[in-house]
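Visitor: The sequence isn't on hand, but the structure is:
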Ligand code: TYC
């Protein structure tokens, strides 16, 4: 059996703000003075500064696998239809897969890559071809 999806390694979540103690910075100082103690109020507290980190969407390769039964013409149709290749490009990729066993159809953010894999697999199944497509982290 050929696995349909490669396991995706877990990544640390960098999308949430984190609070860190900054030596020499009093609590609230980075927020334009809001929270600064008034006369007679204590300055004791945990100094924090909010850092927002954005996470780059990770990219995934969509791979096409060779088999002995799917017609070459069908693979070319798939590459044109789902990966917007012209006839020359699609023929080159199909022959590469035929000769080497595996080839890259494109590199996309996870959700798009997953959708492409599902579209190819559905289309192949409906046409009764054993063509296999999978994804891996780029
Ligand atoms: N090996 C197939 C044949 O000889 C052609 C083929 C090419 C199949 C690429 C799958 O991903 C593939 N008919």
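Guide: Noted; the coordinates are in hand. Worth saying up front: this structure is predicted, and the values here are computed from it rather than measured.
Visitor: contacts, neighbours, all on C-alpha from now
Guide: Fine.
Visitor: how about the residues of this structure near the ligand?
Guide: In this structure, the chain approaches the ligand at residues 64-72, 75, 94, 97-98, 131, judged by Cα under 6 Å from any ligand atom.
Visitor: can you tell me which of these are in helices?
Guide: Among those, the members found in helices (DSSP state H) are 72, 75, 94, 97-98.
Visitor: Which among those residues count as buried?
Guide: The neighbour-count criterion (16 or more other Cα atoms under 10 Å) marks 75, 94, 97-98 among those as buried.
Visitor: So, low pLDDT: which residues of this structure?
Guide: For the chain, the stretches with pLDDT under 70 are 1-49, 56.
Visitor: Identify, by residue count, the longest helix of it.
Guide: Max-length helix for the chain by DSSP H is helix 110-126.
Visitor: Buried residues in that one, which are they?
Guide: 110, 113-114, 116-117, 120-121, 124.
Visitor: so which of the residues you listed comes closest to residue 81?
Guide: Of all the buried residues of helix 110-126, residue 120 has the smallest distance to residue 81: 9.3 Å, by Cα to Cα.
Visitor: The closest one against residue 130, yeah?
Guide: No - using Cα atoms under 8 Å, residue 120 makes no contact with residue 130, being 10.8 Å away.
Visitor: so who does residue 57 touch?
Guide: 109-110 (Cα atoms under 8 Å, 6 or more residues apart in numbering).
Visitor: Helix or strand for it, just tell me which one.
Guide: Using DSSP states H and E, residue 57 sits in no helix or strand.
Visitor: ok, now which ones touch the closest residue to residue 75 other than its chain neighbours?
Guide: Nearest non-adjacent residue to residue 75, counting by Cα to Cα, 6 or more residues apart in numbering: residue 94, 6.3 Å away. Counting by Cα under 8 Å, 6+ apart, residue 94 touches 72, 75-76, 103.
Visitor: Can you pick out the most distant pair from those residues?
Guide: Checking those with Cα to Cα, the most distant pair is 72 and 103, at 14.0 Å.
Visitor: Identify, from the ones in helices among the residues of the chain next to the ligand, the entry nearest to residue 60.
Guide: residue 97 (18.0 Å).
Visitor: How about the closest one, nearest residue that isn't a chain neighbour?
Guide: residue 103 (5.0 Å).
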